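Q: based on what follows, work out the 3D shape:
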Amino acid sequence: MSSEDALRATRNIGFAAHIDAGKTTTTERILYYTGRVHRMGEVHDGDATMDWMPQEMERGITITSAATTCQWKDHRINIIDTPGHVDFTVEVERSLRVLDGVVIIFCAVGGVQPQSETVWRQASKYNIPRLAFVNKMDRIGADFHDVLHEMRKRLGAEAVAVQLPIGNEEKHRGVVDLVEQRAWYFTEDEDVPPEEGEIPEKMRDLVNDFREHLVVSLADINPDLEAKFFAGEEPTAEEMWETIRRATIACELVPVLCGSAFKNKGIQLLLDAIVRYLPSPLDVPPVVGEHPESGEQQTRGPSDDEPFCAFAFKVAIDPFVGHITYIRCYSGRAKVGDQVLNADNGKRQRIQRLLRMHANRREEIEEIGPGDIVAAVGLDQTTTGDTLCALNAPLVLERIAFPEPVISMVIEPRSQADEEKLGAALQRLAMEDPTLRLDVDRETGQQLIAGMGELHLEVAVDRLKREFGVEANTGRPRVAYRETVTRPARGEARFVRQTGGRGQYGHVILELEPASTEDGLIYEDQSKGDEIPPEFRRSVEAGVREAMGAGTLAGYPVVGVKCTVLGGSFHEVDSSDVAFRVAASRAFQDAFAAGAPVLLEPVMAAEVVTPEQYFGDVVNDLTTRRAQLVEVKTTAGNTRTIDLRVPLVNMFGYATALRSLTQGRATYSMEPDRYQPVPDEQQRQIVG
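A: So this is what the prediction gives:
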């Protein structure tokens, strides 16, 4: 097979969804039907192939994205199974950065859930073609049509059904293929292939309506099909497949399939759809980057003839292999022993080994080329987001933007023996996970570890003990507050030092005003050359950014301000970079203190699903936590879904409280939504 044919038969895909929608179970079935594994593991039994970490086995959730490769009908499919819990959203973000297509799985009962919306937005940010798979059609309350409606309404997706379920809940027996107008029936026996049969008579009208909608949607995209439609001719299956593929790759359409992964229903048809509709590396645009010195934009296409270019999207520490860097190769080829350039830090590194990963198992390979997703050993100076390229063709690809942590806690070694090991172990964990940050409390000097949620920090501490043998004591989690101003204010500062010989002089006048908290800092310099010389402008900005590290209210980082430098003055002999940086920092603090500063707290978008009988108790408890109810929906099976916004500080330990209130029958999920001012009374308590 030629290199181009191999690329055309390659699919780099991921599975993404809300927690417990069935991503890992679906991946497990795919590995079984493609012959990659010979026994299906189950998430609830703790033996799923892709959930290999002890923490994943115990909790029954995916914590870290796992990569694998399988074959289906002469196609190679590279798969990344991602977590559904919002605390580990970094794994989804960096996986989507290197994938060509994604299968987003929806629960047929839960529909479009909060994390479903998050992964949809992430896929939209990278313009990734999507397939939708409505899973759990065998569950009580399953409703395919409701999920389809929610996708269109809540996600704004051009979702088009290419399958319809035959029966819901315990009567779910198969699906109707709307393109070929054929019915497929399944048994729960994993070794019995789907059988073709007649479309149930009572579904004929529904099938005709949905097929007509599918044909009309495709006719809007393909002029040839439009001409056929108005001429009253039926399009062929091949014409429809080609149009669906073209529209999916262009993100104009989202084909929707259905089934039940746990009951082995619909998986083979999903595999057919993956190779039929999702793009190969040849179907996506070439990557665009900048030359590290000239800043000139350049592209790299999926060809052996182009210079080598790869993106490091994940770093992991393997107990047997050591430092592993997961990379996606976009162009060119590289072999074991080759030297490559890290274009971000300018360092040369040698590829010692190349591994094709299957969860935590490894297969040695000698060479990689365009479209490959592999792990490399020996790239110790490479971190997440770095670009690796040929020595004579440097290129820097766009880095990944990671969310800021919202929660932190104190962590201390339990004994003298653990003290030395703790710092090194934390550094290694932070290198693996860019959303895990290390800091030091300015007042107490204690070590802080910050992350995306309670579970995130809990897993990190658990890994310290199991993987690094470090016992640590932790304090109660603390919220990552922020500070901002509520009105415009002006600040002015002079930094003057006279000593024997040359002194120091810097003078800065600036103004602060409120801006969006999402912007962090909007910086403008309106000073003139005879006030602040151009050579000191960078130092002024550096001083402002330094001052933003700690507000005057309680020492928390500052966000949501617009800073305009109005002017200042300089001394021809005594002015220096240091003097202007200090003056700018003090002027910022002066203006900030005069700008009626307030404390901001992270507010979470949460969803609680509870049986009807506990609804009142759950709502009363949420009210005491300062929660604002946005919407309450009654769903199938006599359950209520509560959509709410609530301050993070009031949600510590909520999992235990909810279990207690509902005898363990309610579930909840939450993700960061925005920052908002802390009420006066709480602010007084925090500031003291």
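
Q: spatially, what comes nearest to residue 483 if we skip its sequence neighbours?
A: In this structure, residue 483 finds its nearest non-sequential neighbour in residue 551, 3.2 Å apart by C-beta to C-beta, 6 or more residues apart in numbering. For every residue, glycine as well, the C-beta is placed using N, CA and C.

Q: residue 618 now?
A: In space, residue 618 is closest to residue 610, 4.9 Å off (C-beta to C-beta, 6+ apart).

Q: helix or strand: which one has that neighbour?
A: Using DSSP states H and E, the element containing residue 610 is strand 598-611.

Q: and that strand, what does it pack onto?
A: On a contact count with 3 or more C-beta pairs under 8 Å, 6 or more residues apart in numbering; DSSP states H and E, strand 598-611 meets helix 114-125, strand 482-484, helix 615-624, strand 639-647, helix 654-662, strand 667-677, helix 680-687.

Q: from the chain's centre, how far out does the shortest one sit?
A: Centre-to-centre, strand 482-484 and its host chain are 25 Å apart (C-alpha atoms, centre = their mean, to the nearest Å).

Q: in a strand, residue 206, correct?
A: No - per DSSP: H, G, I helix; E, B strand; the rest coil, residue 206 lies outside any strand segment and is helix.

Q: most tightly packed of the helices and strands packed on strand 598-611?
A: Counting by mean count of other C-beta atoms under 10 Å, strand 482-484 has the highest mean neighbour count of those, with a mean of 23.

Q: contacts for that one next, please.
A: 514, 517, 551-554, 556-561, 592, 597-600, 675 (C-beta atoms under 8 Å, 6 or more residues apart in numbering).

Q: returning to what we had before: using TSV, lay out the helices and strands packed on strand 598-611 together with mean pLDDT and distance to residue 66.
A: Output for those, formatted as TSV (pLDDT from 0 to 100; distance: least, C-beta to C-beta, whole Å):
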stretch	mean pLDDT	distance to residue 66
helix 114-125	81	16
strand 482-484	91	34
helix 615-624	91	35
strand 639-647	88	30
helix 654-662	82	25
strand 667-677	83	21
helix 680-687	83	40
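
Q: who does residue 645 bridge with?
A: In this entry, residue 645 is beta-bridged to residue 605, residue 628, by DSSP bridges.

Q: quick one, what contacts it?
A: Applying C-beta under 8 Å, 6+ apart, the residues near residue 645 are 603-606, 627-628, 630, 673.

Q: which SSE is residue 316 in?
A: Per DSSP H and E: strand 309-318 holds residue 316.

Q: list the buried residues for that strand?
A: The neighbour-count check on strand 309-318 (16 or more other C-beta atoms under 10 Å) flags 309-316 as buried.

Q: can I get these in CSV with pLDDT and distance to residue 445?
A: Shown next, in CSV, are these (pLDDT from 0 to 100; distance: C-beta to C-beta, whole Å):
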residue, pLDDT, distance to residue 445
309, 92, 44
310, 92, 41
311, 91, 38
312, 89, 34
313, 86, 35
314, 84, 33
315, 84, 29
316, 80, 31
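
Q: adding distance to residue 21, write those out as CSV.
A: Output for these, formatted as CSV (distance: C-beta to C-beta, whole Å):
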residue, distance to residue 21
309, 34
310, 31
311, 28
312, 29
313, 23
314, 22
315, 28
316, 25
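
Q: closest one to residue 180 out of those residues, please.
A: Of all the buried residues of strand 309-318, residue 180 sits closest to residue 313, with 37.2 Å by C-beta to C-beta.

Q: was I right about the closest one contacting residue 328?
A: Yes - if you go by C-beta atoms under 8 Å, residue 313 and residue 328 touch, sitting 6.2 Å apart.

Q: shared neighbours, the two?
A: What both residue 313 and residue 328 touch, as defined by C-beta under 8 Å, 6+ apart, is the set residue 98.

Q: circling back to that earlier point, run the angle between the strand holding residue 610 and strand 639-647 for me.
A: 170 degrees (axes from the mean of the first three to the mean of the last three C-alpha atoms, to 10 degrees).

Q: let's test this: mean pLDDT of strand 598-611, rounded?
A: Averaging the model's pLDDT scores along strand 598-611 yields 88.

Q: now that strand against helix 654-662, angle please.
A: Angle, strand 598-611 to helix 654-662, by the same axes, to 10 degrees: 40 degrees.

Q: what's the distance between residue 548 and residue 227?
A: 60 Å (C-beta to C-beta, to the nearest Å).

Q: those two: who's more crowded?
A: Between residue 548 and residue 227, counted using other C-beta atoms under 10 Å, residue 548 has the larger neighbour count: 20 against 11.

Q: and the more buried one, what does it touch?
A: Going by C-beta under 8 Å, 6+ apart, residue 548 touches 520-521, 557-559, 561, 588.

Q: how about stretch 510-524, which residues are buried there?
A: Using 16+ other C-beta under 10 Å as the test for burial, stretch 510-524 gives 510-515, 520-521.

Q: repeat that for stretch 287-301.
A: Going by neighbour count (16+ other C-beta under 10 Å), the buried part of stretch 287-301 is 287, 289-290, 292, 298, 300-301.

Q: out of these, which sit inside strands?
A: Residues of those located in strands (DSSP state E): 287, 289-290, 298, 300.

Q: ok, so of those, who is nearest residue 358?
A: Scanning these for proximity to residue 358, where the rule is C-beta to C-beta, the winner is residue 287, at 26.1 Å.

Q: around residue 102, how many other residues sit close by?
A: Per other C-beta under 10 Å, the neighbour tally for residue 102 reads 28.

Q: distance check, it against residue 251.
A: From residue 102 across to residue 251, the span is 11 Å (C-beta to C-beta).

Q: now residue 349
A: Residue 349 is 36 Å from residue 251, by C-beta to C-beta.

Q: okay, these two: which has more neighbours?
A: Higher neighbour count among residue 349 and residue 251: residue 349, with 19 against 15, using other C-beta under 10 Å.

Q: work out the sheet partners of whatever helix or strand that one lives in and label each with its direction, please.
A: Per DSSP H and E, residue 349 falls inside strand 347-350. Strand 347-350 has its sheet partners listed here by DSSP bridges as strand 339-342 (antiparallel).

Q: before we move on, the earlier item: hang on, the residue nearest to residue 483 packs against residue 597?
A: Yes - if you go by C-beta under 8 Å, residue 551 and residue 597 touch, sitting 6.1 Å apart.

Q: who's more crowded, these two?
A: With neighbours defined as other C-beta under 10 Å, residue 551 and residue 597 compare such that residue 551 has more, 26 against 22.

Q: any idea how far that one is from residue 589?
A: Distance, residue 551 to residue 589, by C-beta to C-beta: 9 Å.

Q: now the closest residue to residue 198 other than its chain neighbours, which residues is it bridged with?
A: Distances taken as C-beta to C-beta, 6+ apart place residue 183 nearest to residue 198, at 6.1 Å, with adjacent residues excluded. Note on residue 183: beta-bridge partners by DSSP bridges are residue 176, residue 197.
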